[in-house]
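Peer 1: okay, here's the prediction I keep looking at, along with the sequence it came from:
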Amino acid sequence: MYALSLAGVSGAGVARHMKPTLSPDVLSSKSSTPRSMMSVVPPTGDFEEPQAPPRNPVAEGNLRLLHTVECTQDVMCCCYNDDGTLLAVGCVDGSIKVYSSDTGAALYNLIDQETQDAHLPCTSLVFRPYVEGDKSLNLLLATYASGMVKLWHIATGDCLHTTHETRQTLTVAYNKDTSIYITAGSDEKINVYDDKTRKRIFTCQPSPSMNVMDGHRFRVFSLKFHPSKLEEFVSGGWDDTVQFWDVRSEHSIRKICGPHVCGDALDIDSYHNHIVTGSWRKDYNLQIWEYAKGNLIRTVPQDFNNSLLYCAQWLGKDHILVGGCDANMVRVIDRGTLQTTGRLVDLPRGVYCLDNNRRGAIPKFVAGSAKNLYFMEMKQT
């Protein structure tokens, strides 16, 4: 049986079958999700998730499918580099493939003896943002279900540093000036690391009292630094809250109640200072919030299939990009009208990861489903 207990988002690991014994935190969760409820076991084959007869994905509305790339393993997470020329993809066997975003050609394969021996999924990826004076380009930070956090040098394929966390590490994020990065996972703690030393310098966590909700109480699946505030970030997870943090404070400074985040489904808009959240549920699954006060701005109308969302992010300043399961589709939504402007449907399985290249007014983007990567763009009108 193939089972994983992961998400990350950025990329996200996926669990499709339950083990007989569930951990206490799973049993007490109000809305457990298939991919999050499993204990981790080494992958032995493909997901045993039931699949419909193969059909070719169809782009609808103003969406154009540019090309499809088939990977050797199921895709768990993906991330563009700063200039949008490279796409890194984390796989279920722990390997990382790096592709040309223009052609889809495979360029690099990142794996070492540790990841081979662990044989557990890569759960999240983030390219280290380039800052003036950097001597190395395209450094990639990766997290794994084994608890490893690895810094890779893309061009040489060398692992420059490994940190071993005593948990399933599910998500990672850099702040804008790359002075620090943060990790989170299967426990309540968010670790803060100094980028130069790679040492943990602080831990953000809730108060000991369960009566105070100033931090997470279950797994954390998504982390996002504010695009212009070096010390502030948000986090989302299993406990139906989005927490607001300052890396100088142990406990969260405020929270949003409601979003059930189970993948890379949390993003901050640099244009309007808004947050978008995607929830793994049928109702109120896509919402927009104020960053400053945490007030709900709008709930986006559901699609006809009531998708359960694994991933959501802003697409430029005018659109929202989401992916999920049940309907197994990618959806682009106009920010002003909240109407769906394009869809990619008939995918082989749920969409567990997506990213856009953040280039220009209408960025190109990619989504991962099963072993496939789907590169897309919006048609110019």
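Peer 2: That came through, no problem.

Peer 1: any weak-confidence spans in the stretch 201-350 of the chain?
Peer 2: Residues of the stretch 201-350 of the chain that meet the criterion pLDDT under 70 are absent altogether.

Peer 1: tell me where the stretch 1-150 of the chain has strands.
Peer 2: Secondary structure of the stretch 1-150 of the chain by DSSP state E, counting those that start in this stretch: the strands cover 58-61, 63-70, 75-80, 86-91, 96-100, 106-110, 122-127, 139-144, 148-153.

Peer 1: for the ones you listed, give me CSV that also has mean neighbour count, mean pLDDT and distance to His164.
Peer 2: For glycine as for every other residue, the C-beta is placed from the backbone atoms N, C-alpha and C. What follows is those, written out as CSV (neighbours: other CB atoms under 10 Å; pLDDT from 0 to 100; distance: least, CB to CB, whole Å):
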stretch, mean neighbour count, mean pLDDT, distance to His164
strand 58-61, 15, 96, 42
strand 63-70, 15, 96, 32
strand 75-80, 28, 98, 20
strand 86-91, 26, 98, 18
strand 96-100, 21, 98, 18
strand 106-110, 17, 98, 18
strand 122-127, 29, 98, 15
strand 139-144, 26, 98, 10
strand 148-153, 21, 98, 6
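
Peer 1: and of those strands, who's closest to Leu308?
Peer 2: strand 75-80 (17.4 Å; CB to CB).

Peer 1: separation between Ile362 and Gly61?
Peer 2: Separation of Ile362 from Gly61 (CB to CB, to the nearest Å) stands at 14 Å.

Peer 1: if you could redo that for Tyr181, that was the one I meant.
Peer 2: Distance from Tyr181 to Gly61, by CB to CB: 37 Å.

Peer 1: which residues touch the closest residue to Gly104 other than its chain neighbours?
Peer 2: Once flanking residues are discounted, Gly104 sits nearest to Val69: 4.3 Å by CB to CB, 6 or more residues apart in numbering. Contact analysis of Val69 by CB atoms under 8 Å, 6 or more residues apart in numbering lists 99, 104, 106, 372-373, 375.

Peer 1: what are the ranges of the helices in this structure?
Peer 2: 24-27, 113-118 (DSSP state H).

Peer 1: which residues does Leu141 contact?
Peer 2: Counting by CB under 8 Å, 6+ apart, Leu141 touches 125-128, 149-152, 172, 174, 181.

Peer 1: try 7 Å this time
Peer 2: Applying CB atoms under 7 Å, 6 or more residues apart in numbering to Leu141 gives the contacts 126, 128, 149, 151, 172, 181.

Peer 1: the third one and Leu140 touch, don't they?
Peer 2: No - between Val149 and Leu140 no contact is recorded; they are 11.5 Å apart, counting by CB atoms under 7 Å.

Peer 1: compare the mean pLDDT across the helices of the chain and name the weakest.
Peer 2: Among the helices of the chain, helix 24-27 has the lowest mean pLDDT, at a mean of 35.

Peer 1: distance of Phe225 from His216?
Peer 2: 17 Å.

Peer 1: who has more neighbours, the two?
Peer 2: Comparing Phe225 with His216 by other CB atoms under 10 Å, the one with more neighbours is His216, at 26 against 22.

Peer 1: nearest spatial neighbour of Asn305, skipping sequence neighbours?
Peer 2: Ala327 (3.5 Å).

Peer 1: for Gly147, same thing?
Peer 2: Per CB to CB, 6+ apart, closest to Gly147 is Glu165, 4.2 Å.
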